[in-house]
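Participant: give me the fold of what follows.
(2 chains)
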Protein chains: 2
Amino acid sequence: MKRTVFFISDRTGITAEMLGQSLLSQFDEVDFTKISLPFIDSEKKALDAKRKIDEAAAQGEKPIVFDTIVTPEIRKVIMESQGLVFDFFHTFIDPLEAALGIKSGFRVGKTHSYDSQGEYDSRIEAINFALNNDDGATTRHYDKAELILVGVSRCGKTPTSLYMAMQFGIQVANYPFTDEDMEDLKLPAMLKKYRHKLFGLTINAQRLHEIRTERRANSQYASLKQCQLEIREVEALMRKEKIPYISTTSKSIEEIATKIMLKSGLKRISF
Amino acid sequence: MKRTVFFISDRTGITAEMLGQSLLSQFDEVDFTKISLPFIDSEKKALDAKRKIDEAAAQGEKPIVFDTIVTPEIRKVIMESQGLVFDFFHTFIDPLEAALGIKSGFRVGKTHSYDSQGEYDSRIEAINFALNNDDGATTRHYDKAELILVGVSRCGKTPTSLYMAMQFGIQVANYPFTDEDMEDLKLPAMLKKYRHKLFGLTINAQRLHEIRTERRANSQYASLKQCQLEIREVEALMRKEKIPYISTTSKSIEEIATKIMLKSGLKRISF
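Facilitator: Purely as a prediction, here's the structure:
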């Protein structure tokens, strides 16, 4: 069973894609051909999109169209296509107007809450902070960190720091525990005074072994035994020092980051 | 005018937040208090969320609830709350079932298309590629790059590379044009053979001046005159060499990345 799906937006289309993917993922049996048409922000582009939908319709089943178009005139063109339109924005705007008792402005381009210059700058600053304070490169800016991720090498600290910076505007440093750090199950001295900012990541030893093997096959560093040892020691250290920690095994970067936000109680920018 | 808004999900809640923010942004007049409740994945947690909604309702106007809960039992608890529930998932699942002629599986945890291990690994690999090939650090992996972003220092290359890696799994290197590169409007030799992979970023000179001033106030590097000169030269070079380019001024990282995907025709992983 096959079906063509269009994701249409007057902006990036990321919202349409996320909700659309979530809906489509419930129908494993269907082989979906997905076409994203972002930045449909003029009637001319809308007519072009309509033509593509109609062409797909002419070749078989009616295509499914997920859209988040705000402007009524552009939406009208898409609604006149031969697709089955699921309108993620307008479906809710009427009941929301009713609930609030005021009219919507139908303003495009306000999808992201961080559109303002100040918020944009905060995110960029947070990304630079994550890059400059990655992998224990330096510890002298830890006073400015909102969070310091700790864990063994290759457990997911860097992608998580970057995602938290990008999505939530949080200044995150990360520090890799080494063998030396773990001797006697003691926190490195320079981390001690920032204990309230520490958050641990751990990972299944088998999975860590696979990840490290990708990088340095047959090394001691990648051996299952070494991975088991490091994970065991680090988890013991985190429990002893009462550092909150979560496992990254089988979690997406988004899930890891959101769980940390939830558990740490950190406030994101502009929410 | 004030109103409390809950974002509820059995996963990260990022989809509920994105669509919800887009809807709320149409009502500037209202001062929304936003509360995100992610990972509501048990009936106990749902009852807890319901209690929070009911408490907010008891204090004034009915709160607005945006949710993307998949599991019917958990959704039922939220529907019984005193909030005005806007159900982003279930609103569309029935008509989608009808359109496809099959029943949904109501499987939680399939929101992201990149949940599979292979896709996760590709994204992590792309992030590492972006980090290792950032800011012209090395050019010897350019054969493996899917895209090489070029532009002057601080025009947005690094955040864009990282976002494209994270969101789309694309291997992006970036190279900063320097004064030397721009002499005689010639492409550096090592970039020439990768011309088909090059994509330019430019920026308004005044904005660049502001960004550089944040980093090195009163330097020649940050002076408006220097910024104007560099931008003029780089744009001339990109036009001459027929390198496609876009301006990053007043655009979010998401918009820049999505525009590049659109213009370059690159295919993302698993879409």
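Participant: residue contacts, the nearest residue to A:Glu235 once chain neighbours are set aside?
Facilitator: Once flanking residues are discounted, A:Glu235 sits nearest to A:Thr202: 5.7 Å by C-beta to C-beta, 6 or more residues apart in numbering or on different chains. C-beta coordinates here come from the backbone N, C-alpha and C atoms, glycine included. Taking C-beta atoms under 8 Å, 6 or more residues apart in numbering or on different chains as the criterion, A:Thr202 is in contact with A:Gly151, A:Val152, A:Cys155, A:Ile231, A:Val234, A:Glu235, A:Met238, A:Tyr245, A:Ile246, A:Ser247, A:Thr248.
Participant: stretch A:79-89 near chain B at all?
Facilitator: Yes. Using C-beta under 8 Å from any C-beta of the partner chain, stretch A:79-89 reaches chain B at A:Leu84, A:Phe86, A:Phe88, A:Phe89.
Participant: ok, so of the residues you listed, who is nearest B:Asp143?
Facilitator: Closest to B:Asp143 out of the residues of stretch A:79-89 next to chain B is A:Phe88 (40.7 Å), distances taken as C-beta to C-beta.
Participant: looking at the residues of stretch A:79-89 next to chain B, which is nearest A:Lys2?
Facilitator: A:Leu84 (14.8 Å).
Participant: shouldn't the closest one be in contact with A:Phe66?
Facilitator: No. With contact defined as C-beta atoms under 8 Å, A:Leu84 does not reach A:Phe66; the gap is 9.8 Å.
Participant: higher neighbour count, those two?
Facilitator: A:Phe66 (29 against 20; other C-beta atoms under 10 Å in any protein chain shown).
Participant: which other helices and strands contact the helix or strand encompassing the more buried one?
Facilitator: Element membership for A:Phe66, per DSSP states H and E: strand A:64-67. Under the contact definition 3 or more C-beta pairs under 8 Å, 6 or more residues apart in numbering or on different chains; DSSP states H and E, strand A:64-67 sits against strand A:2-8, helix A:14-24, helix A:72-79, strand A:84-87.
Participant: make it 10 Å
Facilitator: For strand A:64-67, the packing partners by 3 or more C-beta pairs under 10 Å, 6 or more residues apart in numbering or on different chains; DSSP states H and E come out as strand A:2-8, helix A:14-24, strand A:31-37, helix A:43-58, helix A:72-79, strand A:84-87, helix B:90-100.
Participant: ramachandran angles for the nearest residue to A:Ile93 once chain neighbours are set aside?
Facilitator: Closest residue in space to A:Ile93, ignoring its immediate chain neighbours: A:Ser104 at 5.2 Å, by C-beta to C-beta, 6+ apart. In terms of degrees, to the nearest 10, the main-chain angles of A:Ser104 are phi -70, psi 150.
Participant: which residues does A:Ser104 contact?
Facilitator: A:Ser104 makes contacts with A:Val70, A:Phe89, A:His90, A:Ile93, A:Asp94, A:Leu96, A:Glu97, B:Leu23, B:Ser25, B:Gln26, B:Phe27, as judged by C-beta atoms under 10 Å, 6 or more residues apart in numbering or on different chains.
Participant: among those residues, name the buried ones.
Facilitator: Neighbour-count burial (16 or more other C-beta atoms under 10 Å in any protein chain shown) applied to those gives A:Val70, A:Phe89, A:His90, A:Ile93, A:Leu96, B:Leu23, B:Ser25, B:Gln26, B:Phe27.
Participant: correct me, but A:Glu214 touches B:Asp121?
Facilitator: Yes. Counting by C-beta atoms under 10 Å, B:Asp121 is a contact partner of A:Glu214 at 8.0 Å.
Participant: who has more neighbours, those two?
Facilitator: Between A:Glu214 and B:Asp121, counted using other C-beta under 10 Å, the more crowded position is B:Asp121 (16 against 12).
Participant: I'd guessed the more buried one sits against A:Ile211; true?
Facilitator: Yes. The pair B:Asp121 / A:Ile211 is scored as a contact, 8.2 Å apart, by C-beta under 10 Å.
Participant: show me where pLDDT drops low in the stretch 1-150 of chain A?
Facilitator: When residues are selected by pLDDT under 70, those of the stretch 1-150 of chain A lie in A:107-116.
Participant: check contacts around A:Val150.
Facilitator: Contacts of A:Val150 by C-beta under 10 Å, 6+ apart are A:136, A:157, A:173-177, A:181, A:187-188, A:191, A:197-202, A:234, A:237-238, A:241, A:243, A:245.
Participant: same question, A:Ile124
Facilitator: A:Ala165, A:Met166, A:Gly169, B:Arg154, B:Gly156, B:Thr158, B:Pro159, B:Ile211, B:Glu214, B:Ile253.
Participant: nearest to A:Val5 among the residues you listed?
Facilitator: Once C-beta to C-beta is applied, the member of the contacts of A:Ile124 that ends up nearest A:Val5 is B:Ile253, at 25.6 Å.
Participant: tell me the spacing between that closest one and B:Asp67.
Facilitator: In this view, B:Ile253 and B:Asp67 are 27 Å apart by C-beta to C-beta, to the nearest Å.
Participant: more neighbours, the two?
Facilitator: Applying other C-beta under 10 Å to B:Ile253 and B:Asp67 shows that B:Asp67 carries more neighbours, namely 27 against 22.
Participant: show me which residues of the helix or strand containing A:Leu229 are buried.
Facilitator: Here A:Leu229, judged by DSSP H and E, is contained in helix A:224-240. By neighbour count on 16+ other C-beta under 10 Å, the buried set for helix A:224-240 is A:Gln226, A:Cys227, A:Glu230, A:Ile231, A:Glu233, A:Val234, A:Glu235, A:Leu237, A:Met238.
Participant: likewise for stretch A:188-201?
Facilitator: For stretch A:188-201, burial by neighbour count (16+ other C-beta under 10 Å) applies to A:Leu191, A:Tyr194, A:Lys197, A:Leu198, A:Phe199, A:Gly200, A:Leu201.
Participant: only alpha carbons, please: show that stretch as PDB.
Facilitator: Taking Å, rounded to 0.1, in the frame of the first residue of the first chain, the C-alpha atoms of stretch A:188-201 are listed here in PDB:
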ATOM      1  CA  PRO A 188      37.800  15.900  40.500                       C
ATOM      2  CA  ALA A 189      38.500  18.900  42.700                       C
ATOM      3  CA  MET A 190      37.500  21.500  40.200                       C
ATOM      4  CA  LEU A 191      34.100  19.900  39.800                       C
ATOM      5  CA  LYS A 192      33.400  19.800  43.500                       C
ATOM      6  CA  LYS A 193      32.300  23.400  43.900                       C
ATOM      7  CA  TYR A 194      30.000  23.100  41.000                       C
ATOM      8  CA  ARG A 195      28.300  19.900  42.300                       C
ATOM      9  CA  HIS A 196      24.800  21.500  42.100                       C
ATOM     10  CA  LYS A 197      25.300  22.100  38.400                       C
ATOM     11  CA  LEU A 198      26.400  18.500  37.600                       C
ATOM     12  CA  PHE A 199      24.200  16.100  35.700                       C
ATOM     13  CA  GLY A 200      25.300  12.600  34.700                       C
ATOM     14  CA  LEU A 201      24.800  10.600  31.500                       C
END
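Participant: one step back: now pLDDT, distance to B:Arg207 and secondary structure too, for the buried residues of stretch A:188-201, in a markdown table please.
Facilitator: Below are the buried residues of stretch A:188-201 laid out as a markdown table (pLDDT from 0 to 100; distance: C-beta to C-beta, whole Å; DSSP: H, G, I helix; E, B strand; the rest coil):
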| residue | pLDDT | distance to B:Arg207 | secondary structure |
| --- | --- | --- | --- |
| A:Leu191 | 93 | 38 | helix |
| A:Tyr194 | 96 | 35 | coil |
| A:Lys197 | 97 | 33 | helix |
| A:Leu198 | 98 | 37 | strand |
| A:Phe199 | 98 | 35 | strand |
| A:Gly200 | 98 | 39 | strand |
| A:Leu201 | 98 | 36 | strand |
